[in-house]
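In: One predicted model, sequence on top.
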Amino acid sequence: MATAIGFLILLGVLITIHEFGHFIFAKMFGVKVEVFSIGFGKPIFSWKGKETTYQVAILPLGGYVKMYGEDSMTEPIQGESEKDKIDPRSFSAKPRWQKILIALAGPLFNIIFALFAFALAYMIGIQQPAYMEKPVVVGYVEKESFAEKAGIKPMDKIIAVDGEPVENWKDFLIKIGLKAGKKANLTVLRNGKKINITVQVPENINKDRIGIAPVIPVKIGKILEGSPAEKAGLKEGDIILAVNGKPVKTWYQFVEIISKIKEQKPIKLLVKRDGKIISIDVIPQYNSQLKKYIIGISPALETKLVKYPFTEAIEKAFEKSADLTVALWKVIKGLVTGEVSIKTLGGPIAIAQFSGQALESGISTFLFAMAFISLQLGYLNLLPIPVLDGGLIAILLIESIIRKPLPEKAKEYLAYIGFAILGTLMIFVIFNDILRVLQ
């Protein structure tokens with residue numbers, strides 16, 4: 001139910017924002033708007049304004065603003081000269097720069113809304129991992145990572161970066177991020193002694209991580225339905241103290257022990273539950289996809305609500321939008337060059353699941369989800385594909401350069417190409433969605 005509600009709210013708001021951009025700019029330049037539609041196909045309900053019909057249609061996967069004269073087939077006004085035969089309130093009568101702004105307004109409003117939604121989410125408050133405010137104690141070192149090559153070990157405490165003290169993980173991540181592509185000298189406490197370790201920081205800190213993670217307690221957060229853990233009687237909130245008599249202090253240490261299991265035989269877990277210590281036997285199950293034995297649990301991650309004042313929230317919104325903009329264009333570039341698989345793309349089902357989960361997580365998470373999708377919607381509509389806003393802008397720019405309209409036949413063929421591209425893409429993403437659901 002939450003999935004359907006979240007999906008309808010998210011799409012409804014984002015489509016309305018997008019079409020309102022076209023609508024308001026059309027009105028600003030004196031273009032008559034005949035229909036303002038949220039959705040495609042047969043209207044579920046509609047009402048007539050002064051000159052515009054407003055409607056909500058049956059297919060919620062988009063919307064449109066139908067402007068008078070948009071198809072260049074306007075009737076001439078009787079008694080006027082040849083030069084002024086087109087109705088001045090028609091879209092086709094307007095100068096190209098106004099047409100470009102009308103087409104640009106939809107994506108622009110989506111991008112502006114994303115900034116607004118991000119800022120609002122930051123002001124309401126976002127859930128942040130609690131470890132961000134804790135000292136930088138290393139819980140895990142990734143194999144063959146920059147950190148392992150440098151000699152960082154589990155339980156090391158990082159207290160400075162290039163001589164500058166670090167108080168917590170948040171402070172550390174900011175300071176290490178400023179060293180992207182360079183070497184950083186870390187001051188580390190190990191067994192009570194200070195040592196210096198030089199680590200190479202990757203150029204893209206988001207893509208190529210240094211390879212360390214914080215200490216995560218061995219506390220069960222979720223149990224997979226039908227898993228060996230559920231069958232054995234493990235519960236959320238249980239704290240695992242030992243595996244087959246071997247004490248475990250961090251989640252990664254526990255995972256490392258479990259990952260070495262090579263046969264389906266019982267493992268003995270020492271568990272703390274409600275202040276009591278009990279022993280539970282679990283028979284691991286082989287997972288063919290992961291190609292290893294699992295018991296079906298995930299850790300409990302402690303979070304805290306972090307709020308930002310108005311000015312900081314605006315700053316954070318611009319930072320987040322800039323980061324996601326760079327990431328999105330890298331994905332688009334990767335799809336074109338083949339570096340990114342089309343299998344990574346999601347369609348309506350994926351968006352529905354995403355929006356439903358976000359809605360269940362709270363208003364700030366849902367606002368983040370809306371902002372994220374709105375930003376994508378804005379930029380993707382600017383792609384120079386015929387039938388998209390970016391395609392119309394490209395045609396208008398070409399006409400401005402050659403100083404004459406493209407032949408109607410050429411525009412018709414370009415529209416067919418655009419529909420073919422979008423149709424093919426839609427088939428792929430829906431197919432991806434179905435595969436994900438089946439898996």
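Out: Received, thanks. Residues are numbered from 1 along each chain as shown.

In: Would you check that Pro107 makes contact with His18?
Out: Yes: between Pro107 and His18 there is a contact under CB atoms under 8 Å: 7.3 Å. (Glycine included, C-beta is placed from N, CA and C.)

In: so what's in contact with those two at the same time?
Out: Jointly contacting Pro107 and His18 under the rule CB atoms under 8 Å, 6 or more residues apart in numbering are Leu377, Gly378, Asn381.

In: Most neighbours out of the residues you listed, which is it?
Out: The residue in the shared contacts of Pro107 and His18 with the most neighbours, by other CB atoms under 10 Å, is Gly378 (25 neighbours).

In: Domains in this protein, by residue range?
Out: 2-29+94-125+371-438, 130-214, 220-295 (automatic domain parsing).

In: right, and these - which one's nearest Ile314?
Out: Closest approach to Ile314 among the domains of the chain (CB to CB): domain 2-29+94-125+371-438, 5.2 Å.

In: could you give the mean pLDDT of stretch 244-263?
Out: Stretch 244-263 shows a mean pLDDT of 87.

In: Buried residues of that stretch, list them for me.
Out: Val248, Thr250, Trp251, Tyr252, Gln253, Phe254, Ile258, Ile261 (16 or more other CB atoms under 10 Å).

In: Report the buried residues of stretch 405-414.
Out: For stretch 405-414, burial by neighbour count (16+ other CB under 10 Å) applies to Leu414.

In: picking that back up, of the domains of the chain, flag the one that's most buried.
Out: domain 2-29+94-125+371-438 (a mean of 17; mean count of other CB atoms under 10 Å).

In: Run the chain-centre distance for the one helix or strand Ser321 maps to.
Out: For Ser321, the host element (DSSP states H and E) is helix 310-337. On the basis of CA atoms, centre = their mean, to the nearest Å, the separation between the geometric centre of helix 310-337 and that of its chain is 10 Å.

In: I'd like to know which elements that helix is packed against.
Out: helix 96-124, helix 363-380 (3 or more CB pairs under 8 Å, 6 or more residues apart in numbering; DSSP states H and E).

In: which of the ones you listed has the lowest average pLDDT?
Out: helix 363-380 (a mean of 89).

In: now that one against helix 96-124, angle please.
Out: 160 degrees (axes from the mean of the first three to the mean of the last three CA atoms, to 10 degrees).

In: what's helix 363-380 in contact with?
Out: Against helix 363-380 from outside (CB under 8 Å, 6+ apart): 6, 10, 13-14, 17-18, 107-111, 113-118, 120-122, 124-127, 317, 320-321, 324-325, 328-329, 351, 354-355, 358-359, 388.

In: and what of stretch 189-198?
Out: Against stretch 189-198 from outside (CB under 8 Å, 6+ apart): 150-153, 155-157, 159, 183-188.

In: what are the C-alpha coordinates of it, in PDB please?
Out: The C-alpha coordinates for stretch 189-198 follow below in PDB (Å, rounded to 0.1, in the frame of the first residue of the first chain):
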ATOM      1  CA  LEU A 189      47.200   5.200  18.000                       C
ATOM      2  CA  ARG A 190      48.000   1.400  18.000                       C
ATOM      3  CA  ASN A 191      48.200  -0.400  21.300                       C
ATOM      4  CA  GLY A 192      48.800   2.900  23.100                       C
ATOM      5  CA  LYS A 193      51.600   4.000  20.800                       C
ATOM      6  CA  LYS A 194      51.500   6.800  18.200                       C
ATOM      7  CA  ILE A 195      52.700   5.800  14.700                       C
ATOM      8  CA  ASN A 196      52.600   7.600  11.400                       C
ATOM      9  CA  ILE A 197      51.100   6.000   8.300                       C
ATOM     10  CA  THR A 198      51.200   7.500   4.800                       C
END
